[in-house]
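Enquirer: Sequence unavailable; structure follows:
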C-alpha cells in the first residue's frame, strides 16, 4: 500500500497483535477501524509512532488525499478530546490516517484525561469522607 500523503511505500507494523501500516517516507500511519483506539489501550505508542513530529506537522497541511484502501476522497476529522488534533478519515471503509506524531498526541490527551478522571474521583471521595465526618460531629453535639 502507498501513503496517501507522500505516495511512499507503507510497511506493516505489528504490536500486541494489532497491525497498522506506517509510511517509510513521512512516518504517517494508516489505521483500519478502531485500531488506533486498541493501540492506545494496549501498546506503548512510541514504538509505532516513530516519525518526526516536525515532518508530521508539515504533512498535516496536505488535506486533499484519497483513501489508500478504496481510493475515495478522505475527509478531515478532529479528535473529540482535542479538536486541534486533525486527521483524515475514509467515509467508506472507516479507516483513518494520522500524520507522524499524532498518535503520540492522542495518547497524551488520553493520559491527561485519565489523570483528570482520577483526580475528580479522589476529590469526590475526599468530599464524601469530609461530609461524613462533619455529619457525625453534628450528630454528637
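Expert: Sure, I can see it. For clarity, every value in this text was computed on a predicted model and none was experimentally measured. Numbering: from 1, shown residues only.
Enquirer: List the residues that contact the closest residue to residue 50 other than its chain neighbours.
Expert: Distances taken as C-beta to C-beta, 6 or more residues apart in numbering put residue 27 closest to residue 50, at 6.5 Å, once the chain neighbours are dropped. Every C-beta, even on glycine, is put in place using the N, C-alpha and C of the backbone. Residues in contact with residue 27 (C-beta atoms under 8 Å, 6 or more residues apart in numbering) are 49-52, 55-56, 99-101.
Enquirer: ok, residue 27 to residue 94 distance?
Expert: Between residue 27 and residue 94 the computed distance is 22 Å (C-beta to C-beta, to the nearest Å).
Enquirer: Also residue 22?
Expert: 19 Å.
Enquirer: quick one: which of the two has more around it?
Expert: Neighbours per residue (other C-beta atoms under 10 Å) separate residue 22 from residue 94, with residue 22 holding more: 21 against 13.
Enquirer: Can you say which helix or strand has the more buried one in it?
Expert: strand 18-23 (DSSP states H and E).
Enquirer: Please look at residue 101 and residue 52 and confirm they touch.
Expert: Yes. Counting by C-beta atoms under 8 Å, residue 101 touches residue 52, with 7.4 Å between them.
Enquirer: Find the centremost residue of this structure, please.
Expert: Closest to where the C-alpha atoms of the chain average out (C-alpha atoms, centre = their mean) is residue 106, at 3.2 Å.
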